[in-house]
Structure formats: C-alpha cells, structure tokens
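**Q** missing the sequence, but the structure's below:
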C-alpha cells in the first residue's frame, strides 16, 4: 500500500536527485516496479495497521497509507543525514549516499525527503490539519534526539537514563507519531489516539535498544555495518551507559576507552565489546527491551473493541521489533 506511493513521488523528483534517492532505497533508477521495497518499513506498517484498527473505509485507509509514506520519508531523511554525521560508509549493505555521491549531495537528498513528507499529508481536503503538526513535532524531537546522541559520543560519564531520553526522542518520537497518525486519520477517539501514541513510544524505545545491541554485537552480514560499529565511534548507546554505570572493574576500563581519542582498531573494538558484555551492558539492554515491550502490549490491550486480527498483527510486529537480528 505504501511503497507505490513512495515510488510515485520519487519518480517526479529532479533526475539528479532521483538517482540518489533510488540508490538509498535500493531501487532501480527507472521503471520502479510496485513490488520493490526497501528497509523494514516498520513505521509505515505501524501507521497502516493502526488505521485499520479503527476503519475499513477505503478513502480513510488511503489517507492512512499516504501518512505511512510521509513517515517513511522522514525516517529515510534521518538515515541519510545520520550516515553523514556518523561517517558510516554503508547502509543496508550498499554504499551510503554520502559515500557514493558526496556529503553535499547527501544533505540535499535528505532535505528533499524532509520537505516532501508534509506535502504527502496534504493530498486531500479530508486530511486532518493536526496530522501535519504531529509530523513536524516528531521531526523536532528527532532532531533534538540526534543532537543529544552526538553529545553522548566519547563521554565516559553518562547514565542509562540519558540514553533512554535520547532514544525516546531519536527513535520513539517517530514511531509514536506513526501510530498516532494512523489512529487520528482513521477517526479514533482522542483517548485511543493517545494510547496508540504511547504504544508507539514504548515500541520505539524497545526498537532503539535492540538497535543498540545490533550496533555492538550484530552480524555485519545482516546489519550491513562493521563489527562493533557503535564502539568504533564511541557512541553512548544504552548497553554502554548501563555498563559504565555498573561499578565493575570492566566499567572503569571501558571508561578509559571512552575517554580516548583517535580511530579505534578492530582489536580495540572487540575488546571494548567484551568489556560491555562482562559489565552487564547487554543483559541490562535485554531487560529494558522486555520491559518496554510489555508496556507497549499493555497500552494496546487497554483499547477496547479492536479487531482481533489487527491486534494480532501489531503484537507480531511488536515481537519482531524486540527480537530482530538486523
């Protein structure tokens, strides 16, 4: 439902920009087939599944699908710029846009996706004007979260609470927005809409901590990133902050590593990975994922009268987000 909308929009971009966007999504540059998708599409799926919880009206669902496409545009804008900020050379097993086309071009490509997203919400007079505001507020929080994330890099004095606050803004805000948009545009009550916002926020926190685990222990063949990629850039992700707060000898050694400067070699990254594990960082991260998954499920179960099959699909997605390996 969402991918053809994305294809239609991207096909109308300027030729020089379209090739970069197609590269990022993993699409052929021309003649985009409807079945061609890119990434996990978690946010778009959340938007559509949430909308389908409250309506089966075709016109309403088309608005929900357009909102899902808008959320995907925002998400991919953030990925393109994130790769520039982190210096990551690969994304989804392909060269990152900045690495393939240069930093200035990547910034422009991301800007284009950001600018396009609200236009996708404005395709019908039946759209609720609050939808555009929700998207703008999510971008505002996302930017604040990204800035806070940068401030945690290379800091030996951080806390798990700081990492969770970053995750809530950097990742949770957009997933919460995806769910809230789906409910809002499908005509859900204000109470139900708020519940779905919180469902998305908790799911986003579980998603980000799972991402943090993959950033340290993920299989490069699945993640498309080098072993210990987050430790190579001394990111202050949740497992790291939990390890630093453990008060163990490994925490002290890890703090010295984080206070260091310069590039991190493969052996150093592996040793730092071992330190985070032995200091309990991974175990703490797994417990937090389980906690936020439970909170998300509780928010979903508190909304009465939802279609059983849609709830089952959302619960399945919740499980996938919390246990993914890529």
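**A** Yep, that arrived. Not measured: the values here are computed from a predicted model.
**Q** pLDDT weak spots in the stretch 151-300 of the chain?
**A** Scanning the stretch 151-300 of the chain with the threshold set as pLDDT under 70 gives 224-227.
**Q** so where do the helices sit in it?
**A** All helices of the stretch 151-300 of the chain, identified by DSSP state H, counting those that start in this stretch, fall at 160-167, 173-185, 190-217, 220-223, 229-232, 238-244, 249-258, 266-278, 281-301.
**Q** Adding distance to residue 98 and mean neighbour count, write these out as TSV.
**A** Quick note: C-beta positions are derived from backbone N, CA and C, even for glycine. Converted to TSV, the helices of the stretch 151-300 of the chain look like this (distance: least, Cβ to Cβ, whole Å; neighbours: other Cβ atoms under 10 Å):
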stretch	distance to residue 98	mean neighbour count
helix 160-167	23	20
helix 173-185	21	29
helix 190-217	19	23
helix 220-223	18	13
helix 229-232	16	24
helix 238-244	25	28
helix 249-258	26	17
helix 266-278	22	17
helix 281-301	29	19
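**Q** among the ones you listed, which is nearest residue 112?
**A** Closest to residue 112 of the helices of the stretch 151-300 of the chain, according to Cβ to Cβ: helix 173-185, at 18.0 Å.
**Q** Run through the helices of the stretch 1-150 of the chain in chain order.
**A** 3-11, 15-25, 42-52, 58-86, 97-101, 103-121, 130-152.
**Q** same for the longest one, what does it pack against?
**A** Spelled out, it's helix 58-86. Helices and strands touching helix 58-86, by 3 or more Cβ pairs under 8 Å, 6 or more residues apart in numbering; DSSP states H and E, are helix 3-11, helix 15-25, helix 42-52, helix 97-101, helix 103-121, helix 130-152, helix 173-185.
**Q** Return the most buried member of these.
**A** Each of those was scored by mean neighbour count; the highest is helix 173-185, a mean of 29, by mean count of other Cβ atoms under 10 Å.
**Q** by how many degrees do that helix and helix 42-52 diverge?
**A** Computed by axes from the mean of the first three to the mean of the last three Cα atoms, to 10 degrees, the angle separating helix 173-185 from helix 42-52 equals 20 degrees.
**Q** tell me what helix 173-185 is packed against?
**A** Helices and strands touching helix 173-185, by 3+ Cβ pairs under 8 Å, 6+ apart, are helix 42-52, helix 58-86, helix 130-152, helix 190-217.
**Q** possible to save the ones you listed as TSV with distance to residue 231?
**A** Below are those laid out as TSV (distance: least, Cβ to Cβ, whole Å):
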stretch	distance to residue 231
helix 42-52	25
helix 58-86	13
helix 130-152	13
helix 190-217	6
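**Q** out of the ones you listed, which comes closest to residue 181?
**A** Among the helices and strands packed on helix 173-185, helix 58-86 sits nearest to residue 181 (Cβ to Cβ), with 4.4 Å.
**Q** how far out from the middle of the chain is the closest one?
**A** 10 Å (Cα atoms, centre = their mean, to the nearest Å).
**Q** try stretch 172-181
**A** 10 Å.
**Q** Run through who's touching that stretch.
**A** Stretch 172-181 is contacted by residues 42-44, 46-47, 50, 64, 67-68, 70-71, 74-75, 78, 131, 134-135, 137-138, 141-142, 145, 193-194, 196-205, 207-208 when judged by Cβ atoms under 8 Å, 6 or more residues apart in numbering.
**Q** Can you say which of the helices and strands packed on helix 173-185 is nearest to residue 159?
**A** Comparing the helices and strands packed on helix 173-185 by Cβ to Cβ, helix 130-152 comes nearest, at 9.9 Å.
**Q** Can I get the helices and strands packed on helix 58-86 in a markdown table including distance to residue 312?
**A** Converted to a markdown table, the helices and strands packed on helix 58-86 look like this (distance: least, Cβ to Cβ, whole Å):
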| stretch | distance to residue 312 |
| --- | --- |
| helix 3-11 | 23 |
| helix 15-25 | 29 |
| helix 42-52 | 10 |
| helix 97-101 | 37 |
| helix 103-121 | 28 |
| helix 130-152 | 26 |
| helix 173-185 | 16 |
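**Q** For residue 274, which of the ones you listed is the nearest?
**A** Each of those has some distance to residue 274 by Cβ to Cβ; the shortest is helix 130-152, at 21.2 Å.
**Q** quick one on the thing from earlier: looking at the helices and strands packed on helix 173-185, which is nearest to residue 248?
**A** The closest of the helices and strands packed on helix 173-185 to residue 248 is helix 190-217. By Cβ to Cβ, the value is 17.0 Å.
**Q** Could you check the angle that closest one makes with helix 160-167?
**A** Interaxial angle, helix 190-217 versus helix 160-167 (the same axes, to 10 degrees): 110 degrees.
**Q** Compute the inter-axis angle for helix 190-217 and helix 266-278.
**A** 130 degrees.
**Q** and of the helices of the stretch 151-300 of the chain, who's closest to residue 113?
**A** Judged by Cβ to Cβ, the one of the helices of the stretch 151-300 of the chain that comes nearest to residue 113 is helix 173-185, at 13.0 Å.
**Q** Taking helix 281-301 as reference, get the angle to that closest one.
**A** 10 degrees.
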